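Undergrad: coords please:
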Amino acid sequence: MAPAGYLDRGTELFKKLKSYYTQDTPHKPPPISHTTAAALLVFYTILYIAPFYLSPTLRATSSASRDSPAVIKARARAVLLVSLAVTAITTSVLVFRGNATPREIVRLFGLWPAQGFPVRAFVSDTAKGVLLVCVNFLGPLYEWAVAEG
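TA: Reported below is the predicted structural model:
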């Protein structure tokens, strides 16, 4: 662990990097209003769900089950395209309505600064994610082991 005053000394570059990780800047209001954010959430939900009901290639039919490779590929492609569209829409809303800078956009997307420092917090966050994925498989595992067994 570094001495208490260690981070206050150093070059301008070090001070600039420190500002990425600390809250030395005054609190700014959010770039978009809560109403705009709520409207975008509803719109994004519709964007993600609508293709599964409107596109015949994404639905399971009598000839192709939902586990068929063609249906899975089409669903993955739809989710990828919607995710790219949502990212583009969010970026444009933040730029044109919120007057956000590229640095703010990257920070709001959670890409920079990396939120996993120190390493202990990074490992903890990764373990939580893996645990969440494991919980998704508990239902089928329970069904296989207990209900059918």
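
Undergrad: which residue ranges of this protein form helices?
TA: For the chain, the helices defined by DSSP state H cover 12-21, 34-54, 69-96, 102-108, 119-136, 138-142.

Undergrad: considering the ones you listed, which stretch scores lowest in mean pLDDT?
TA: Lowest mean pLDDT of these: helix 12-21, a mean of 64.

Undergrad: surely Leu40 is in contact with Val93?
TA: Yes - applying C-beta atoms under 8 Å, one finds Leu40 in contact with Val93, separated by 6.7 Å. C-betas here are computed from N, CA, C, even on glycine.

Undergrad: between these two, which contacts overlap?
TA: Ile32 (C-beta atoms under 8 Å, 6 or more residues apart in numbering).

Undergrad: need the helices of the chain in TSV with distance to Ser63 and mean neighbour count, can you?
TA: Shown next, in TSV, are the helices of the chain (distance: least, C-beta to C-beta, whole Å; neighbours: other C-beta atoms under 10 Å):
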stretch	distance to Ser63	mean neighbour count
helix 12-21	54	11
helix 34-54	18	12
helix 69-96	10	13
helix 102-108	44	14
helix 119-136	29	10
helix 138-142	26	10
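
Undergrad: nearest to Lys28, of those helices?
TA: Counting by C-beta to C-beta, Lys28 lies closest to helix 102-108 out of the helices of the chain; the figure is 8.6 Å.

Undergrad: for the closest one, enumerate the helices and strands it packs against.
TA: helix 69-96 (3 or more C-beta pairs under 8 Å, 6 or more residues apart in numbering; DSSP states H and E).

Undergrad: elements contacting the helix it packs on?
TA: Secondary-structure packing of helix 69-96 (3+ C-beta pairs under 8 Å, 6+ apart): helix 34-54, helix 102-108.

Undergrad: TSV for those helices, including distance to Leu84?
TA: Shown next, in TSV, are the helices and strands packed on helix 69-96 (distance: least, C-beta to C-beta, whole Å):
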stretch	distance to Leu84
helix 34-54	11
helix 102-108	15
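
Undergrad: Leu132: which of those helices is closest?
TA: helix 34-54 (19.3 Å).

Undergrad: and the closest one, what does it pack against?
TA: The elements that helix 34-54 packs onto, with contact taken as 3+ C-beta pairs under 8 Å, 6+ apart, are helix 69-96.
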